[in-house]
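Student: just need the structure, nothing else, for what follows:
(2 chains)
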Amino acid sequence: MLLDLELRQETLFIRPQGELDLAAADHFRHTLEQALDKEPVRNLVFNLAGVTFIDSSGLGVLLGRYKRVSKNGGKVMLVSPQPQVRRILELSGLFRIMKELASESDALAKIG
Amino acid sequence: MKYINQMKLEFLSIPANVAFARVTVAAFAAQLDFTLSDLEEIKVAVSEAVGNAIIHGYRKIPDRLIRIQAALTTDSLELRVEDDGRGIKNIKKALEPAFTTDSERLGLGFVFMQSFMDSFRVDSTPGHGTRVIMSKRAGSGTAPLNPVNPEQ
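Tutor: Predicted structure coming up:
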């Protein structure tokens, strides 16, 4: 899995590429925790366009970060998941707590 | 039941083998007329079963073995995923949606296996291991969605 991070104001844009499974989860979690420790991050936007597979290990990383930023009133948004990934997100119930948006700019507009 | 094909895999309990297992089983299953969506569902079910074996069965000890047996009838895939790990004391509890022993995980592994496969069973003896037995028919349609509540 490849990971690209970009901080714009207080929002961290996270653009993973590849498969979010058990093999990727530790690196994914560790990289995000480091960014959250070092930078003044309030909101997270996961751009999932490049994610080809996700299972409960990958979902666990999303949920763990949600728990961390939502404690401080931050939002977590999910941008353009591929259909097979979207289906897993839907079944997991994560859309009840993380909004799905069509693009990063839509997400940024929503954050305001 | 007459099988038209069978295979066995045995591999180490390391996270890199989760992808190896799901891709191999999906390639094997693709010999039947599964849709791409079916194959994606099979991949998730295998990923969850192998992930459980690594995390729960073997508590991430990397030098243990996980076995997969798969067989095809003319219209279905039958699958067994087995480990010789510590087993599950209370299977009924383990099968509850959002039951998890780890706050970083959602407790959805078994939910996905149950949702995406047509039949699903877990046999486990504490101290001796766990065996997940699943099957999926080709052309059975996609699973209905019944989202769980992650904040429960």
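Student: what about residue 25, how many residues nearby?
Tutor: Assuming you mean chain A. 24 (other C-beta atoms under 10 Å in any protein chain shown). (C-beta placed from N, C-alpha, C; glycine too.)
Student: that answer is for a different chain, and I need it for chain B
Tutor: Using other C-beta under 10 Å: residue B:25 sits among 25 other residues.
Student: please enumerate the strands of the chain.
Tutor: Using chain A. For chain A, applying DSSP state E gives strands covering A:2-8, A:11-20, A:43-47, A:51-54, A:76-79, A:99-101.
Student: please go with chain B instead
Tutor: B:5-12, B:65-72, B:76-83, B:119-125, B:129-137.
Student: mean neighbour count and distance to chain A added to the ones you listed, as JSON lines?
Tutor: Shown next, in JSON lines, are the strands of chain B (neighbours: other C-beta atoms under 10 Å in any protein chain shown; distance: least, C-beta to the nearest C-beta, whole Å):
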{"stretch": "strand B:5-12", "mean neighbour count": "13", "distance to chain A": "13"}
{"stretch": "strand B:65-72", "mean neighbour count": "19", "distance to chain A": "12"}
{"stretch": "strand B:76-83", "mean neighbour count": "23", "distance to chain A": "14"}
{"stretch": "strand B:119-125", "mean neighbour count": "16", "distance to chain A": "15"}
{"stretch": "strand B:129-137", "mean neighbour count": "21", "distance to chain A": "14"}
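Student: could you tell me which helix of chain A is the longest one?
Tutor: helix A:22-38 (DSSP state H).
Student: what pairs with the residue positioned nearest the centre of chain A across the strands?
Tutor: The centre of chain A sits closest to residue A:46, judged by C-alpha atoms, centre = their mean, with a distance of 3.2 Å. According to DSSP bridges, the residues that bridge with residue A:46 are residue A:14, residue A:78.
Student: which residues does residue B:135 contact?
Tutor: Going by C-beta atoms under 8 Å, 6 or more residues apart in numbering or on different chains, residue B:135 touches B:76, B:77, B:78, B:79, B:117, B:118, B:119.
Student: which residue packs closest to the first one, ignoring adjacent ones?
Tutor: For residue B:76, ignoring the flanking residues on the chain, the nearest one in space by C-beta to C-beta, 6 or more residues apart in numbering or on different chains is residue B:137 at 4.6 Å.
Student: check what pLDDT the one you found gets.
Tutor: Listed pLDDT for residue B:137 reads 96.
Student: and it, what does it touch?
Tutor: By C-beta under 8 Å, 6+ apart, residue B:137 lies in contact with B:75, B:76, B:118.
Student: about what we covered before: could you list the buried residues of the longest helix of chain A?
Tutor: Neighbour-count burial for helix A:22-38, counted by 16 or more other C-beta atoms under 10 Å in any protein chain shown, picks out A:22, A:23, A:24, A:25, A:28, A:29, A:31, A:32, A:35, A:36.
Student: ok, so what distance separates the last one from residue A:12?
Tutor: Think residue A:36. Distance, residue A:36 to residue A:12, by C-beta to C-beta, to the nearest Å: 8 Å.
Student: pLDDT weak spots in chain B?
Tutor: Chain B contains residues with pLDDT under 70 at B:98-106, B:140-152.
Student: who touches the residue nearest in space to the middle of it in this structure?
Tutor: Compute the mean C-alpha point of chain B, and by C-alpha atoms, centre = their mean the closest residue is residue B:49, 3.2 Å away. Neighbouring residues of residue B:49 by C-beta under 8 Å, 6+ apart: B:81, B:109, B:113, B:132, B:134.
Student: which residue sits closest to residue A:18, ignoring its sequence neighbours?
Tutor: residue A:1 (4.0 Å).
Student: mind checking how far residue B:136 is from residue A:59?
Tutor: The value you get for residue B:136 to residue A:59, if C-beta to C-beta is used, is 22 Å.
Student: correction: the previous question concerned residue A:90.
Tutor: To residue A:59, residue A:90 is 11 Å away according to C-beta to C-beta.
Student: so those two - more neighbours on which side?
Tutor: The residue with more neighbours, out of residue A:90 and residue A:59, is residue A:59; 25 against 16, by other C-beta under 10 Å.
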